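Undergrad: Task: produce atomic coordinates for the following.
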Amino acid sequence: MTSTAVQWRRVTVVDGADRREILVSTQSPLSDSLRNEGIDVVERSVVVIASDGSRIDVSQVSTVAEGALLTVVEPRAPGRSKPLPRRRVATGPYDFTAAMWVVAGSATLIVALVAALSPTPGDEGAAVLRYTASIVFAALSLVSVFATSRTTAGFTSIALFVPAMLGFSAGFLAVPPELAASVHLALFAGLATAALAQAGVHVRATGTIASGATSLVTVTVAVLAALFAAVLVLGFDASVAAALAAGAAPVALRVLPSVCLDIPEGQLLEYGEFMRNRWTVRGAIPEGSHPVTAVDMRPTMTRARVQFRAGTVFFSLIPPLVLPLLLVAPGTGVVSDVATVVLVSTIILSFMLSPRRANTPLLRWAPRVGAALVALEFTVIAGIADPGVLGLVLAGSVLVVALVVAATMVPIARGTRSLGISRTADIFENLATAFSFPAAFVAATMIDILRGAVS
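TA: Model prediction:
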């Protein structure tokens with residue numbers, strides 16, 4: 001009489017916190033093999049799930065593969081009948097974010113209206129109104145600094161923009177229009193006041209997840225204030241600082257990811273293994289590395305993520321805010337005019353192509369919105385200066401968009417993915433980012449300035 005050999009397969013079974021390796025027979029139901037190992041799946045009314053997510057019928061003969069992972073799931077586990085309560089994040093004692101948004105929007109509107117008006121020199125009524133508004137905005141900026149959340153977990157993006165916007169409004173309105181280069185001086189005063197307000201926010205955010213974002217915004221606003229101050233002291237027009245700031249935005253957006261994540265050097269390099277010669281043994285050996293877990297890295301990654309998002313939005317807003325100063329400035333020559341067009345083109349191209357690697361809607365659309373605003377400003381200002389140029393720009397833009405849509409409509413509809421097109425886009429993005437600051441250097445007439453300085 002011939003006997004058939006029983007075949008066994010080794011599988012891994014996860015039952016709650018219990019994880020074990022068992023032998024499963026291929027000639028009997030799976031429930032019998034599990035019961036022999038002390039796992040009763042019939043009386044407990046549980047479900048066995050395979051590694052691919054499919055449900056396994058334990059009453060049938062086992063057909064699992066060698067080394068498979070089986071998970072025992074209990075649908076009616078105690079404590080899961082009610083939905084989990086939402087965790088409430090505690091906020092600071094002053095939480096009126098909606099009112100702060102309204103005040104910030106009103107401040108921006110008033111600054112735009114006051115800047116658009118040109119009051120008559122010596123008008124005492126306009127001067128009193130201007131100084132009163134400046135004092136009110138300064139007080140509101142101070143209140144908004146202390147109104148930010150003081151908890152280590154809670155954070156709102158309003159703290160990154162509202163105090164700075166109110167401070168800029170206060171400084172901008174404090175400069176009388178009768179002074180020489182009043183607009184340039186008002187811009188410097190506004191940026192300096194915004195940097196002070198943002199520095200106060202950064203001090204209050206020390207030790208929280210917002211500390212990296214507040215430090216980035218504070219340093220950037222301070223650098224912009226220093227740039228406008230240097231250009232003002234040297235006697236140049238504000239368009240010079242505007243061109244340099246707009247040209248540096250794509251470069252800053254490119255290097256931002258490497259700036260946000262700060263890892264201690266000792267975690268990447270064992271100094272003790274290399275500090276062996278006579279010049280290094282006398283120095284203090286830095287703290288060595290240690291095993292890193294997800295819990296250890298969670299605060300660092302959260303802080304870097306918040307800083308990266310804030311920096312992306314901030315750097316995307318710089319070109320639309322400062323480029324009008326360059327576009328409305330009187331032309332100094334054909335070279336600078338061509339360089340201005342190249343600068344606008346490189347900013348639009350870099351901002352449109354760089355978000356292709358982003359993984360969140362904010363990171364994808366913030367640069368693209370900035371590029372759209374730059375294109376809109378350039379079109380409107382060029383149309384006001386010369387209506388013929390406006391028609392030419394609009395016709396060319398419509399033609400380019402139509403050709404692009406016609407060329408990509410069918411492949412996109414078919415779900416085609418082209419590595420060659422992606423590499424071509426990378427090349428154009430890298431070229432646009434690399435040429436943005438040189439184009440800004442030429443558009444700011446820095447070549448003529450350097451030539452006059454050394455002649």
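
Undergrad: Which strand or helix spans Ala371?
TA: helix 361-385 (DSSP states H and E).

Undergrad: May I see the buried residues of that helix?
TA: 363-368, 370-371, 373-375, 377-379, 381-383 (16 or more other Cβ atoms under 10 Å). The C-beta positions use only the backbone N, C-alpha and C, and glycine is treated the same way.

Undergrad: And stretch 431-441, by the same measure?
TA: For stretch 431-441, by 16+ other Cβ under 10 Å, it's 432-433, 435-437, 439-441.

Undergrad: In TSV, list these along with pLDDT and distance to Pro250.
TA: Formatted as TSV, the buried residues of stretch 431-441 follow (pLDDT from 0 to 100; distance: Cβ to Cβ, whole Å):
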residue	pLDDT	distance to Pro250
Ala432	89	7
Thr433	90	5
Phe435	90	9
Ser436	90	4
Phe437	89	8
Ala439	90	10
Ala440	89	10
Phe441	88	14
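
Undergrad: How is Val72 assigned, secondary-structure-wise?
TA: strand (DSSP: H, G, I helix; E, B strand; the rest coil).

Undergrad: nope, Arg10 is what I meant
TA: Reduced to three states by three-state DSSP, Arg10 is strand.

Undergrad: Identify the bridge partners of it.
TA: Leu23 (DSSP bridges).

Undergrad: Tell me, please, where in the stretch 51-200 of the chain the pLDDT is lower than the cut-off.
TA: 75-123, 125-126, 148-157 (pLDDT under 70).

Undergrad: can you tell me which residues contact the residue nearest to Phe437 when sequence neighbours are not counted?
TA: Nearest residue to Phe437, sequence neighbours excluded (Cβ to Cβ, 6 or more residues apart in numbering): Gly247, at 4.3 Å. With contact set as Cβ atoms under 8 Å, 6 or more residues apart in numbering, Gly247 has these partners: 343, 346-347, 436-441, 443.

Undergrad: And the helix or strand Gly247 falls within, what's buried?
TA: Using DSSP H and E, Gly247 sits within helix 238-260. Using 16+ other Cβ under 10 Å as the test for burial, helix 238-260 gives 238-254, 256, 260.

Undergrad: So for it, mean pLDDT?
TA: Taken as a whole, helix 238-260 has a mean pLDDT of 90.

Undergrad: and the angle for that helix with helix 361-385?
TA: Helix 238-260 and helix 361-385 meet at an angle of 170 degrees, taking axes from the mean of the first three to the mean of the last three Cα atoms, to 10 degrees as the criterion.

Undergrad: mind pulling up the phi and psi values for the residue nearest the centre of the chain?
TA: Nearest to the geometric centre of the chain sits Arg309, at 2.4 Å (Cα atoms, centre = their mean). Note on Arg309: its backbone torsions stand at phi -70, psi -40 [degrees, to the nearest 10].

Undergrad: now do Ala17
TA: phi -90, psi 0.

Undergrad: what's the neighbour count on it?
TA: 5 (other Cβ atoms under 10 Å).

Undergrad: Val334 now?
TA: 8.

Undergrad: tell me the contacts of it?
TA: Val334 touches nothing, counting by Cβ under 8 Å, 6+ apart.

Undergrad: gap between it and Val251?
TA: Per Cβ to Cβ, to the nearest Å, Val334 is found 26 Å from Val251.

Undergrad: Could you do Gln198 as well?
TA: 22 Å.

Undergrad: Need the three-state assignment for Arg356.
TA: helix.

Undergrad: Once you drop chain neighbours, what's closest to it?
TA: Using Cβ to Cβ, 6+ apart, the closest residue to Arg356 is Ala425 (6.8 Å).

Undergrad: Quick check: which element contains that neighbour?
TA: Going by DSSP H and E, Ala425 is part of helix 419-443.

Undergrad: What of Val136?
TA: helix 124-146.

Undergrad: and that helix, what other elements does it pack with?
TA: helix 97-116, helix 158-173, helix 182-204 (3 or more Cβ pairs under 8 Å, 6 or more residues apart in numbering; DSSP states H and E).

Undergrad: Can you tell me how far the closest residue to Pro320 other than its chain neighbours is from Val322?
TA: What sits nearest to Pro320 in space, not counting adjacent residues and going by Cβ to Cβ, 6+ apart, is Leu373, at 3.8 Å. As judged by Cβ to Cβ, Leu373 and Val322 stand 12 Å apart.

Undergrad: just Thr293 next, same as before
TA: Taking Cβ to Cβ, one finds Thr293 at 44 Å from Val322.

Undergrad: who's more crowded, these two?
TA: The neighbour comparison of Thr293 against Val322 (other Cβ under 10 Å) goes to Val322, with 22 against 8.

Undergrad: Please name the nearest non-neighbouring residue to the more buried one.
TA: Nearest non-adjacent residue to Val322 (Cβ to Cβ, 6+ apart): Ala242, at 4.1 Å.
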